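> no letters, just coordinates:
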């Protein structure tokens, strides 16, 4: 690991981290380091300074909150995957976290770092969209919150300003009457999603109260297929209804493509994986 | 102890490696050591207008910066040579640092030497190279098209060589009278070797003695010394010591002499301090010699009964930007000669064109030519089965060389010494439950299962145990391919063995100790095996081409013959018996027919060293060296069968079962042989399903990191089902044949045949590797899926 030179600061509090970010232009926040350090090693990123927030303990942990469940930005993927609270009340997130990387990555990588980096092929963004999560941020002007659907703005770009620190992610508990599913078609090399589909289906007896479907890996920012969910609300959400809703309503513009999978193919995968995720979420809601 | 051959002695190498105590190149530190970083071309093809080093040289902590001009102006050779020449071959010069033109992304243009690696990396970015980009060509067929960018003036059309083997006329006549012919255009995908340890070296030149010590990631330290002495450095061999410390895998990629170890040595000679250079993972991917990259047109001719009459192949083989050490041999003598497979084929003709492209050089990679040949033959056989209406089993059986027909002279130069091809196939069919698999497939197809089941079979042969020196010399090798073995018996009876084989993961320290222990009836722990150091070991050719047991092991065995012969003389003298009456058995010398008269091994050895009472004219001591020159290649073979399931909606392939029946002759250590089969299978399956080195048209390596280039992981693979038949090699003393490459030779064709079989209801006849989900999905959907 031979990155370019950088200055290193360890922040003791969120306020100090924000102040350091405000003071140092071209600085990057260091959390688990599992997105940032690899690109620094390749010298694709050469930040002038790193603000290490890894010791701000208040940013770690999972707790109940008035809006559902609050997950501190420094909470690792491993902690999320193993969390009994999440497994019980928001299994979509714990299931998806278990899909990330390998044990070493999950032990170090954090939810805040993951979504602040905004890799389009990462597992969490689609899950947060499907859940309707909210992202908490702290900056010089105080705290603010945005919906996950507004957070991701472009490839590797987010709402987070240069002098803001992502502090927490709030997710709602999934209703007793609902089921969820995250299915991933993995890149054989990186393990990232070529297509990841996250679905939440809430049932009212035999009919679908609401459905939410989102994808990562397919487009530069995670794609929330709102129209598919709307089309299924009130339906019997049968296999046929799901297939029809996707056929009629899944519209993916400007898909990503690379040497492994073209855009056309990713769109096709989204149809198949979207259908399978909705079916699995429905079946879990019924069981 | 006798009987230790054939047992799974645990690898003595592993304990140190597993607890992190193995010492690899990068683990060595010498006093006053410096660090080198090589500045590499970001372009696939460019003219160098200038290289400005002032700013880099002035960077604090930088000791020196050298360019290609500095090398030219020195008295070293400055070029890396090709070790195998073919008739009419064009061998453009390969300078260790480019001076006027770079020909692939990764070509070195300058080197920065600094007090530490961070400084060297920083300063490398300060070297200003003014490049004038030129048109590049990276595809092997595009490179021979009219108007293609040219890499070398002396190689018009980018052709390095145009080689052929076999009887063109007889082959044409076979096609003329054929009842069935099948042809296919196929590609063998370019691969990056991916040894776990990146290449690296530590060069230390002592300017008072004029001696160079070089620690380097090599599979063949003596070959490195020879090539560096003759071409890149011009230092005398007796002033060079090359050490291969622990080497973390090679798969062929550490055979070759690369510019990098010559650059580091040059730097050390210039600055008078040790210089370490260790490749980053990305640098390794960019500059290691890649494997495969063939485009072939292949045809097969059969009579009405499905008997093969002829085979005709024309292959364009990418050489990359320069000819690497053994590059010309790989797509010719290690490829064309194997095109008879396990089959009796009366007429074969193969033409291979070696083609320069703006990519990393291509050279031997696990299997080296033989996986490519097997892929051609085993794909054609399956396609011929389809054309003739025979089953894939029956067409193979009808064409196998019969076990009574050995030795068998092929139409492409090789004389197969032994074999039992039906035997291995029968065992594979039995082990896989082949008939039941076909019945299940039929049932599932009729039921319209959206999971497509495919069954693949591949019957492969390889020529390994490289190689009879006279034969390879006649074919263009600039070296012999014998091996050395020296057995030093110590006065108290324990043994140190020095082998010219150079292990880098194969377990020679264990298997060679077994060979010695078995012959001398001593404990395995009484034997030490030394390898990988030109300062200690007699001149030897190293480890590649599945040669170490067959050639290196045989050298140890023949050295043991000499040791036993001498000690028998001493024992006879001690026993006052005729030498002819003395036999060596169970760690003692016995007089035949007189059970009471014997001398223990230890007493005889001690007597040899005490020299108080030796036979007249016999020198003291007990140490013998042998250079074993094999009389033929060895010919391992086998049949592999696998089962795949394809998700018809996505094209994703799941490899469900893999059955491998190999015949590698006698087995010294079954656990190590199984391990070699497993590793080879993983690599071959990797080639079939995932691995692909992809360049953009302008010469950028698009699959340059492990985020993009998929090497197989354990969880991608099924539990392998392996078995063996045993047909000993008839011409070496151990009856062994070699196993290092077998898995990687057989499995690409096995998996591809299974995938094509799964897709046959969609009219698919052939598909090139890697068999990516998208490629399969397109094949299904193009054909009404």
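Yep, that arrived. Worth saying up front: this structure is predicted, and the values here are computed from it rather than measured.

> for residue A:229, grab the count of nearby residues.
Applying other Cβ atoms under 10 Å in any protein chain shown, we find 22 other residues in the vicinity of residue A:229. Where C-beta positions appear, they are placed from N, C-alpha and C, glycine not excepted.

> doesn't residue A:211 make contact with it?
Yes - here residue A:229 reaches residue A:211: they are 4.3 Å apart, a contact under Cβ atoms under 8 Å.

> tell me the secondary structure at residue A:93.
Here residue A:93 is recorded as helix under DSSP: H, G, I helix; E, B strand; the rest coil.

> wait, it touches residue A:129, no?
No - in this structure, residue A:93 is not within contact of residue A:129 by Cβ under 8 Å, at 11.8 Å.

> in the worst-scoring helix or strand of chain A on mean pLDDT, what counts as buried?
The helix or strand of chain A with the poorest confidence is helix A:36-41; it has a mean of 92 (mean pLDDT, DSSP states H and E). The neighbour-count check on helix A:36-41 (16 or more other Cβ atoms under 10 Å in any protein chain shown) flags A:36, A:37, A:39, A:40 as buried.

> quick one, which of residue A:93 and residue A:129 is more surrounded?
residue A:93 (31 against 26).

> and the more buried one, how far from residue A:187?
From residue A:93 over to residue A:187 the distance is 21 Å, taken as Cβ to Cβ, to the nearest Å.

> that older thread, what packs against whichever helix or strand comes after the least confident helix or strand of chain A?
Downstream of helix A:36-41, the first helix or strand assigned by DSSP states H and E is strand A:49-52. Packing partners of strand A:49-52 (3 or more Cβ pairs under 8 Å, 6 or more residues apart in numbering or on different chains; DSSP states H and E): strand A:7-10, helix A:14-23, strand A:27-30.

> which of these sits closest to chain B?
Closest to chain B of these is strand A:7-10 (Cβ to the nearest Cβ; 14.2 Å).

> which residues sit against that closest one?
A:20, A:24, A:48, A:49, A:50, A:51, A:52, A:54, A:55 (Cβ atoms under 8 Å, 6 or more residues apart in numbering or on different chains).

> surely the fifth one touches residue A:27?
Translated: residue A:50. Yes - applying Cβ under 8 Å, one finds residue A:50 in contact with residue A:27, separated by 7.0 Å.

> show me which residues of chain A are close to chain B?
A:2, A:4-5, A:42-43, A:185, A:187-190, A:192, A:258-262, A:265, A:268-269, A:272 (Cβ under 8 Å from any Cβ of the partner chain).

> same thing but at 10 Å, please
Neighbours of chain B within chain A, by Cβ under 10 Å from any Cβ of the partner chain: A:1-5, A:38, A:41-43, A:46, A:102, A:121, A:185-192, A:194-195, A:257-262, A:264-266, A:268-269, A:271-273, A:275-276.

> buried members of the residues you listed into ChimeraX, please.
Those of the residues of chain A next to chain B that count as buried under 16+ other Cβ under 10 Å are selected in ChimeraX with:
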select /A:2,3,42,121,185,186,187,188,189,190,191,192,194,195,260,261,265,266,268,269,271,272,273,275,276
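
> so what sits against both of residue A:229 and residue A:211?
Jointly contacting residue A:229 and residue A:211 under the rule Cβ atoms under 10 Å, 6 or more residues apart in numbering or on different chains are A:130, A:199, A:200, A:201, A:245, A:278.

> which strand runs longest in chain B?
As assigned by DSSP state E, the longest strand anywhere in chain B is strand B:308-320.

> now that strand: mean pLDDT?
Mean pLDDT, strand B:308-320: 98.

> and it, what other elements does it pack with?
strand B:159-166, helix B:168-176, strand B:180-188, strand B:294-302, strand B:347-356, helix B:370-388, helix B:392-399 (3 or more Cβ pairs under 10 Å, 6 or more residues apart in numbering or on different chains; DSSP states H and E).
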